[in-house]
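Participant: Predicted model and sequence below, questions to follow.
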Amino acid sequence: MQRFNIIGLFEPPDFSNGGGMVLRQERTGDNTTSPVFTARSGFSLIEILVAVAVFAVVALVLVSVTDSAFLVTMGSKMRMNADSASRGALDRMAADFVATGHCRL
């Protein structure tokens, strides 16, 4: 067991029990308790690979959705700018037609 006491000193880990970090309180000789950590193995390679793969898929979906939203927004802005520009041109043409007397508004 790897023991940590209040002042931070520790004994080397004991890997004979076969896995996991377990925290429990252990009584010392002076009626105080100190945490005891037993060292076990962490995540396996397969677990890490699965977690990375899931993260990659989620990230890919989020990037795809963000990119699609960006393209839609840019297309809408371009159409709004074109509509604004054409509206101004059509207003000038209407004013010219009225000024020449070819039509009435």
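Facilitator: Good, I have the coordinates. Numbering: from 1, shown residues only.
Participant: Helix, strand, or coil at residue 64?
Facilitator: helix (DSSP: H, G, I helix; E, B strand; the rest coil).
Participant: Number of residues surrounding it?
Facilitator: Neighbour count of residue 64, defined by other Cβ atoms under 10 Å: 10. C-betas here are computed from N, CA, C, even on glycine.
Participant: roughly how far apart are it and residue 73?
Facilitator: Between residue 64 and residue 73 the distance is 15 Å, computed by Cβ to Cβ, to the nearest Å.
Participant: got the domain boundaries for this structure?
Facilitator: 2-38, 43-105 (automatic domain parsing).
Participant: Mean confidence (pLDDT) on the longest one, please.
Facilitator: Same thing as domain 43-105. Per-residue pLDDT over domain 43-105 has a mean of 92.
Participant: for the first one, same thing?
Facilitator: When pLDDT is averaged over domain 2-38, the result is 56.
Participant: host element of residue 42?
Facilitator: For residue 42, there is no helix or strand it lies in under DSSP states H and E.
Participant: same question, the one 4 residues further on
Facilitator: The secondary structure element spanning residue 46 is helix 45-100 (assigned by DSSP H and E).
Participant: Ok, residue 102 next?
Facilitator: Counting by DSSP H and E, residue 102 is part of no helix or strand.
Participant: Measure how buried it is and give me the count.
Facilitator: 8.
Participant: Please report phi then psi for it.
Facilitator: Backbone torsions of residue 102, given as degrees, to the nearest 10, read phi -80, psi -20.
Participant: where's it relative to residue 95, distance?
Facilitator: Residue 102 is 12 Å from residue 95, by Cβ to Cβ.
Participant: cool, residue 55 as well?
Facilitator: Distance of residue 55 to residue 95, computed by Cβ to Cβ: 60 Å.
Participant: Residue 65 now?
Facilitator: In this view, residue 65 and residue 95 are 45 Å apart by Cβ to Cβ.
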